[in-house]
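Q: sequence plus the predicted model coming up.
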Amino acid sequence: MFGSHRTTLVIPALNEEEGVVATIERAPEGIDEIIVIDGGSSDLTKINAERAGAAVIVQLVRGYGLAYKTGFIVATGDIIITGDADGTYPVELAPQIVAEMDRRGLDFVSCSRFPLADRQSMESLNRFGNRSLSLLGSAVSLTYFRDLLSGMWIFRKSALSELRVVTNGWNFSAEIKLEAAHKLGKRFAEVHIPYRERVGMTHNVRPFRIGGENALFIVYKRISQLYRAYAMRNNEDQIRARRGDSRP
């Protein structure tokens, strides 16, 4: 536990037999449980994670967001910590960040990798994509994000009930931050962290396709937030009108 908080580290993983061990081994003292959501890895990810002390849930229906949703449901901690299974995020800093959350009255912290402490930790194309999408998210939401796509977040599980997250894929990372900033307001903040080079082989991803999907989703998400806010206000106005209440 961190003080009075029970804590859970949730790690989505797919073919990260080396990185998942590095991530688990960096977990600080006080972590009450570590849950790895394995998307049906074909290597030793599951075995290595269990040997390193994690509970592993194999989820053959893959999806970055879906993995996290599963982890959040089974997590027993009142504080949830996330991190990718490639050893890049400093999960060992969680106790200090939780202490800062308590001190500042925060419910959700997104751990910003920018500015990078080590420029070699991220390829130039990924840097450009991450910064561009963060700027887009900042512009459409009117909330400044240094790192909208960070994979390390620390939040109170109770805050999840206030967030409406719908995607099951890669867009989940941007969505949960856009929702947290929108719904939680001053209870959301970014905290800078160091970022490391990944442990293990780099996966074959399509950065332009994923980046394009993220950009479209960010715009869609903001439009849906504005529509929901408008619909709620309109519904409240209709209820007041039926009651003959003209107060704003």
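A: Structure received. Because the structure is a prediction, the values reported are computed rather than measured.

Q: if you count neighbours, what's buried in the worst-scoring helix or strand of the chain on mean pLDDT?
A: Least confident helix or strand of the chain, by mean pLDDT, DSSP states H and E, is helix 207-243 with a mean of 85. Buried residues in helix 207-243, counting neighbours by 16 or more other CB atoms under 10 Å, are found at Ile210, Gly211, Asn214, Ala215, Phe217, Ile218, Lys221, Arg222, Gln225. For the C-beta atoms, the positions are set from N, CA and C on the backbone; glycine is no exception.

Q: need those in JSON lines (columns: distance to Ile97).
A: Listed next are the buried residues of helix 207-243 as JSON lines, based on distance: CB to CB, whole Å:
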{"residue": "Ile210", "distance to Ile97": "27"}
{"residue": "Gly211", "distance to Ile97": "28"}
{"residue": "Asn214", "distance to Ile97": "25"}
{"residue": "Ala215", "distance to Ile97": "29"}
{"residue": "Phe217", "distance to Ile97": "27"}
{"residue": "Ile218", "distance to Ile97": "25"}
{"residue": "Lys221", "distance to Ile97": "25"}
{"residue": "Arg222", "distance to Ile97": "27"}
{"residue": "Gln225", "distance to Ile97": "26"}
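
Q: between the residues you listed, which is nearest Phe172?
A: The closest of the buried residues of helix 207-243 to Phe172 turns out to be Phe217 (CB to CB; 9.6 Å).

Q: distance check, the nearest residue to that closest one once chain neighbours are set aside against Val219.
A: The shortest distance from Phe217 to any residue other than its chain neighbours is 4.2 Å, reached at Asn171 (CB to CB, 6 or more residues apart in numbering). Separation of Asn171 from Val219 (CB to CB, to the nearest Å): 11 Å.

Q: and the nearest residue to Gly63 once chain neighbours are set aside, how many neighbours?
A: Excluding its sequence neighbours, the residue lying closest to Gly63 (CB to CB, 6+ apart) is Asn168, at 4.0 Å. Neighbours of Asn168 under the rule other CB atoms under 10 Å: 16.

Q: show me what contacts Asn168?
A: Gly63, Tyr64, Gly65, Leu66, Lys69 (CB atoms under 8 Å, 6 or more residues apart in numbering).

Q: Pro95 now?
A: Applying CB under 8 Å, 6+ apart, the residues near Pro95 are Phe2, Pro28, Gly30.

Q: redo that, cut-off 10 Å
A: Phe2, Gly3, His5, Thr7, Pro28, Glu29, Gly30, Ile31, Ile81 (CB atoms under 10 Å, 6 or more residues apart in numbering).

Q: same thing with Thr202?
A: By CB under 10 Å, 6+ apart, the contact list for Thr202 reads Asp86, Glu123.

Q: helix, strand, or coil at it?
A: Assigned state for Thr202: coil (three-state reduction, DSSP: H, G, I helix; E, B strand; the rest coil).

Q: low-confidence bits of this protein, can you list those?
A: Applying pLDDT under 70 to the chain flags the ranges 204, 237, 245-248.

Q: can you give me the helices in it?
A: 19-25, 45-51, 64-74, 94-104, 124-141, 172-184, 207-243 (DSSP state H).

Q: nearest to Ala159, of the ones you listed?
A: Closest among those, once you apply CB to CB, is helix 172-184, at 6.4 Å.

Q: now the angle from the closest one to helix 124-141?
A: Counting by axes from the mean of the first three to the mean of the last three CA atoms, to 10 degrees, helix 172-184 lies at 30 degrees to helix 124-141.

Q: now do the buried residues in helix 172-184.
A: Within helix 172-184, the residues that count as buried by 16+ other CB under 10 Å are 172-184.

Q: nearest to Val91, of those?
A: Distance to Val91, by CB to CB, is smallest for Ser173 among these, at 16.1 Å.

Q: wait, what's in contact with the closest one?
A: Counting by CB under 10 Å, 6+ apart, Ser173 has contacts 64-65, 68, 82, 84, 110, 133, 147-153, 167, 214.
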